[in-house]
Every structure is written in structure tokens, then in C-alpha cells.
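**Q** the sequence isn't on hand, but the structure is:
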């Protein structure tokens with residue numbers, strides 16, 4: 001089993017920045033891929049950014065390209081999401097996920113709230 005704990009959410013004004021972190025514990029060898037998802041009220045959960053641990057290959061949703069950066073600290077079993085130029089439409093609960101790819105997600109965190117005011 002793997003436990004994922006997110007932190008770093010909060011409230012910020014439009015144009016501001018936030019950094020989220022996701023710390024993994026437990027069987028940390030039991031996944032190869034990590035990702036950040038978000039879900040706004042009344043909307044479906046959507047993928048924001050993902051990263052393959054072995055080669056660092058990252059993917060981003062079109063809506064966040066150029067503004068968000070996903071990175072990893074392998075030694076600390078931590079994945080970060082740096083969010084710049086935040087917009088009100090970025091307001092959502094942000095979740096960390098881990099698995100073997102987007103079709104094989106095995107673990108989810110509890111989420112951290114990000115609120116962007118105009």
C-alpha cells in the first residue's frame with residue numbers, strides 16, 4: 001500500500017502562485033507514475049499534470065501549460081506542483097495520484113483545496 005498526503009493549498013488572488021506537495025509513504029516502489037488531478041464543484045475530475053518517475057517525462061493539460069510545473073524529489077518521495085499565474089478557473093480540490101500510468105491509477109490522496117479569487 002501507498003499513502004499519499006497533499007499539502008500547500010490555500011487562497012490566492014488571480015495572478016498569484018502556489019506550490020503543492022504530495023508526500024508518498026509505504027510501498028513507494030509500487031508505482032511508476034504520479035499525477036495531479038483537480039475537481040471543481042459540479043465538474044468532473046480532470047488531469048492537470050503527470051510525471052513518469054523513471055525518466056522524468058511530464059505531461060500537462062492544455063489549460064495549465066506554461067503556468068504549472070510538476071517535479072519530483074525522489075529521495076523524499078515527494079512530487080511538487082508549482083502553479084503560477086493562477087486564474088479563478090483554477091479553483092478546485094487538487095488530488096495527488098500514483099500508479100503505473102493514466103489507465104492504472106492505484107492510489108489517491110485526500111486532496112488539498114486551491115481557491116483563486118479575481
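**A** Ah, there it is. All values reported here derive from a predicted model rather than from experimental measurement.

**Q** center of this structure, which residue is that?
**A** Taking CA atoms, centre = their mean, the centroid of the chain lies closest to residue 36, which sits 2.5 Å from it.

**Q** so what's that residue bridging to?
**A** Beta-bridge partners for residue 36, by DSSP bridges, are residue 49, residue 96.

**Q** separation between it and residue 118?
**A** Distance, residue 36 to residue 118, using CB to CB, to the nearest Å: 23 Å. The C-beta positions use only the backbone N, C-alpha and C, and glycine is treated the same way.

**Q** please apply the same query to residue 81.
**A** Distance, residue 81 to residue 118, by CB to CB: 22 Å.

**Q** residue 42 now?
**A** Distance from residue 42 to residue 118, by CB to CB: 18 Å.

**Q** who has more neighbours, these two?
**A** Between residue 42 and residue 118, counted using other CB atoms under 10 Å, residue 118 has the larger neighbour count: 9 against 5.

**Q** phi, psi of residue 88?
**A** The phi/psi pair for residue 88 (degrees, to the nearest 10) reads phi -60, psi -30.

**Q** isn't it right up against residue 14?
**A** Yes - using CB atoms under 8 Å, residue 88 is in contact with residue 14, at 5.9 Å.
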